[in-house]
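Student: got a predicted structure here, sequence first:
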Amino acid sequence: LDPRAHWYDPSQRESPYSLVFNRMSPSAYLRGGLQGTFYTLQWLNHLERLGVPVINGLEAFTIETSKARQLTLLEKLGLGYPSSRTLNHPSQIPQAIEGLRFPIVLKANIGGSGAGIVRFDTPQAILDAANDNQLDFGIDHTALVQEFIPARQGHIVRVELLGGKFLYAIEVY
């Protein structure tokens, strides 16, 4: 099914699907799929109401589409992450960067594949960008400023889990 051009009837009481595998990506907007990202959240909610099992369902996709929610989950689980702030307007940059160690990155809350991540080496550099209206807060107008952690040996390790169980880990250069 193509979530960029799809419809459903909210009065449905049964679904024609016995199982749905959600492959929608938060970075779909980079490939002409902006409406699909937010629409998928609504459709997954509908499927959940009908009791349709969904792999990468509403809860998982809601977390996948929000870096801010991901950080909240990491905090809840007691897992480490770079010092970060979530904000929704460039006027909040001065307060948000207080106490952060530079360099930092600014990243859109909804992104994917590194889309829109910008590094700032000094406080003045990000303040100038904010004053010059050069910051992109992404499609939901929410962004994170986060301490930059250089990749060890030029790569990160991406870990995939399913149902809380380890599936695999890969090195991403």
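Tutor: That came through, no problem.
Student: three-state assignment of R158?
Tutor: strand (DSSP: H, G, I helix; E, B strand; the rest coil).
Student: and it, what's its pLDDT?
Tutor: What the model reports as pLDDT for R158 is 79.
Student: contacts only, for it.
Tutor: A169, I170, E171, V172 (C-beta atoms under 8 Å, 6 or more residues apart in numbering). Any C-beta I mention is one placed from the backbone N, CA and C, and that applies to glycine too.
Student: mind doing that once more with 7 Å?
Tutor: Residues counted as contacts of R158 (C-beta atoms under 7 Å, 6 or more residues apart in numbering) are A169, I170, V172.
Student: also I170?
Tutor: R158.
Student: among the contacts of R158, which are in strands?
Tutor: Taking DSSP state E, the ones among those that sit in strands are A169, I170, V172.
Student: per-residue confidence at the last one?
Tutor: Per-residue confidence at V172 stands at 81 (pLDDT).
Student: now S83: how far from V145?
Tutor: Going from S83 to V145 by C-beta to C-beta, to the nearest Å gives 9 Å.
Student: who has more neighbours out of the two?
Tutor: Just comparing S83 and V145: by other C-beta atoms under 10 Å the higher neighbour count belongs to V145, 21 against 12.
Student: which residues outside stretch 159-169 are in contact with it?
Tutor: Under C-beta under 7 Å, 6+ apart, the answer for stretch 159-169 is V157, R158.
Student: swap in 10 Å and give it another go.
Tutor: Stretch 159-169 is contacted by residues I55, N56, A60, V157, R158, I170 when judged by C-beta atoms under 10 Å, 6 or more residues apart in numbering.
Student: ok, for the fourth one, nearest residue in space, not its chain neighbours?
Tutor: Spelled out, that is V157. A169 (5.4 Å; C-beta to C-beta, 6 or more residues apart in numbering).
Student: for that neighbour, which residues make a bridge with it?
Tutor: Beta-bridge pairing for A169 (DSSP bridges): V159.
Student: R101: what's it in contact with?
Tutor: Here R101 is in contact with P82, S83, E147, F148, I149 (C-beta under 10 Å, 6+ apart).
Student: could you check how far it is from V52?
Tutor: From R101 to V52 the distance is 46 Å (C-beta to C-beta).
Student: average pLDDT across the helix of greatest length in the chain?
Tutor: If you go by DSSP state H, the chain has its longest helix at helix 34-50. When pLDDT is averaged over helix 34-50, the result is 91.
Student: so who does the nearest residue to T122 once chain neighbours are set aside touch?
Tutor: Distances taken as C-beta to C-beta, 6+ apart put F102 closest to T122, at 5.9 Å, once the chain neighbours are dropped. Shown in contact with F102 (C-beta under 10 Å, 6+ apart): R119, F120, D121, T122, P123, Q124, A125, I126, E147, F148.
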